[in-house]
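Asker: Give the three-dimensional model of this entry:
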Amino acid sequence: MSANQAEVQVRPGVEGDLEALTDLYNHYVRETAITFDTAVFTPQERRPWLLSHPEDGPHRLMVATDGDTQEILGYATSSPYRTKPAYQTSVEVTVYVAPHAGRRGIGTLLYKALFAALAGEDLHRAYAGIALPNEASTRLHERFGFRHLGTHREVGRKFGRYWDVAWYEKEL
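Answerer: Residues are numbered from 1 along each chain as shown. Take a look at the predicted model:
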């Protein structure tokens, strides 16, 4: 563990994190094509999302905080892959790291904690969609054993252009 990682704590997300998590996500909504949301959220609008990730079960929210300040440095989630019942053993996973906290291994810590928490769940596969280009996310997912399934070409339009999304899969 690097010195930077030693200062980071990972725990389940709680309702008190809502404002900071919303601010972090809104950065990616406003500034990047990493998410295909195009309008920022209020904390109240994001509350159902947070509540859909309890501390147990297959749909989790893990939060990385600075050990000294408790500032949220990132989060990872597992969410339903699709809503139909036969998909219940599959999840879609994602990681968001605060822009100033990149390149510290926080995404790695978050995924380690998330996959450890999911180890006892009745899950078969995890999927991740990566808007391209995003070399850091591609490396992170490949490091965790995800394999590239294919790419949806120009599947999303944001900032006046079309974006590709690469889909990755991992056995659980």
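
Asker: now the strands for the protein?
Answerer: For the chain, the strands defined by DSSP state E cover 8-12, 61-66, 72-80, 90-97, 125-131, 147-158, 161-171.

Asker: Next, the buried residues of the fifth one.
Answerer: Applying a neighbour-count criterion of 16 or more other CB atoms under 10 Å, the buried positions in strand 125-131 are 126-131. No exception for glycine: its C-beta is placed from N, CA and C like everyone else's.

Asker: now swap in the longest one and tell me
Answerer: By neighbour count, and taking 16+ other CB under 10 Å as the criterion, the buried residues in strand 147-158 are 156, 158.

Asker: Other residues contacting that strand?
Answerer: 33, 36, 38, 131-132, 162-170 (CB atoms under 8 Å, 6 or more residues apart in numbering).

Asker: Narrow those to just the buried residues.
Answerer: 33, 131, 163, 165-170.

Asker: pLDDT-wise, which helix or strand of this protein ranks last?
Answerer: helix 3-6 (a mean of 54; mean pLDDT, DSSP states H and E).

Asker: quick one, what contacts residue 75?
Answerer: Contacts of residue 75 were listed using CB under 8 Å, 6+ apart, and they are 13, 17, 21, 24, 61-64, 95-96, 110.

Asker: so how far is residue 129 from the most far-flung residue of the chain relative to its centre?
Answerer: When each C-alpha in the chain is compared with the mean C-alpha position (CA atoms, centre = their mean), residue 160 comes out farthest, at 24.7 Å. Distance of residue 160 to residue 129, given as CB to CB, to the nearest Å: 21 Å.

Asker: can you check residue 77 too?
Answerer: Residue 77 sits 13 Å away from residue 129, taking CB to CB as the criterion.
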